[in-house]
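1. Sharing a model that was predicted from the sequence below.
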Amino acid sequence: MKRLIILGAPGSGKGSQCKWITKDYNVPHISTGDIFRKNISEGTELGKKAKEYMDKGALVPDELVIDLLTSRLDEPDCVENGFLLDGFPRTLSQAEALSNYLTSKGIQIDRVINIDVDDEEIMSRALNRRTCSNPECKEIYNMRDNPPKVEGICDKCGAPLFIRDDDNEETVANRLRVYHEQTEPLIKYYEELGVLRTVKGQQEFADTVALVKEAI
Ligand code: AMP
């Protein structure tokens with residue numbers, strides 16, 4: 001049973017790390033970005049509201065995120081196995097809401113992993129990112145470092161790859177600005193709670209995996 005949070009700028013490679021962490025530690029991977037994207041593709045009210053913000057690289061307002069997240073944490077898989085939070089919390093008020101929720105349940109976060117990658121590298125990665133369109137797969141490729149064998153097609157499942165609406169230069173620059181202003185203060189917040197470990201994002205995926213393992 002582990003209760004984990006992964007922090008890092010958007011595009012730092014959090015999503016790729018989450019894929020093995022969720023398997024190795026048998027914890028549900030909870031990505032608020034994925035929950036919003038699912039709502040957008042299903043055309044729900046929440047999806048419509050969230051899309052306006054997401055397309056600009058802005059944060060979805062806290063009130064749309066916090067209840068969504070805490071009700072997800074109330075589900076039996078999280079209660080029994082713990083969880084891995086990816087993309088939440090993103091603001092100090094979300095972090096405080098999460099702390100209040102955890103305290104009310106008498107539980108705590110075991111570890112916060114902060115993946116550290118500089119902005120220039122993040123921009124280059126985001127512009128080269130391709131994502132598998134199959135919601136069961138969601139494999140991530142990078143045209144620079146890790147291209148698919150056949151252009152535009154997922155190696156794993158054969159579904160078409162796509163470029164996320166928010167992976168364009170203007171939106172990424174805005175996301176990075178938002179990250180530095182609103183999310184970066186969480187590093188200090190969790191450092192003070194004594195649960196934070198920072199891992200320098202490495203060029204090679206496997207090297208980052210080894211560092212994250214050590215940190216958990
Ligand atoms: P991600 O897939 O984590 O990069 O999230 C994509 C977008 O979803 C973000 O740029 C935000 O617009 C929105 N989003 C995801 N998680 C949150 C959150 N915890 N708070 C506010 N907005 C969020």
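-> Yep, it's here. Numbering: from 1, shown residues only.

2. Please count neighbours and contacts with C-alpha atoms only from this point.
-> Will do.

3. how about low-confidence regions in this structure?
-> Within the chain, no stretch has pLDDT under 70.

4. Show me what the top helix by length along the chain is packed up against.
-> Identified as the longest helix of the chain according to DSSP state H is helix 92-105. Here helix 92-105 touches helix 62-73, helix 185-192, going by 3 or more C-alpha pairs under 8 Å, 6 or more residues apart in numbering; DSSP states H and E.

5. how about the shortest one as CSV, C-alpha atoms only?
-> Listed in CSV are the C-alpha atoms of helix 185-192, where the atom choice follows Å, rounded to 0.1, in the frame of the first residue of the first chain:
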residue,chain,number,x,y,z
PRO,A,185,5.5,26.3,-4.6
LEU,A,186,4.2,22.7,-3.8
ILE,A,187,7.9,21.5,-3.8
LYS,A,188,8.6,23.6,-0.7
TYR,A,189,5.2,22.6,0.8
TYR,A,190,6.0,18.9,0.6
GLU,A,191,9.6,19.4,1.5
GLU,A,192,8.5,20.9,4.8
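
6. in that helix, what counts as buried?
-> For helix 185-192, a neighbour-count test (16 or more other C-alpha atoms under 10 Å) marks 186, 187, 190 as buried.

7. Please render the residues you listed as JSON lines that adds distance to residue 42 to the earlier fields.
-> Below are the buried residues of helix 185-192 laid out as JSON lines (distance: C-alpha to C-alpha, whole Å):
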{"residue": "186", "distance to residue 42": "32"}
{"residue": "187", "distance to residue 42": "34"}
{"residue": "190", "distance to residue 42": "35"}
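
8. Switch the helices and strands packed on helix 92-105 over to TSV; also include distance to residue 103.
-> Below are those laid out as TSV (distance: least, C-alpha to C-alpha, whole Å):
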stretch	distance to residue 103
helix 62-73	12
helix 185-192	15
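
9. Which one, of those helices, ends up nearest to the ligand?
-> In terms of C-alpha to the nearest ligand atom, the element of the helices and strands packed on helix 92-105 nearest to the ligand is helix 62-73, at 5.8 Å.

10. Tell me what residue 198 is bridged to.
-> Beta-bridge pairing of residue 198 under DSSP bridges involves residue 114.
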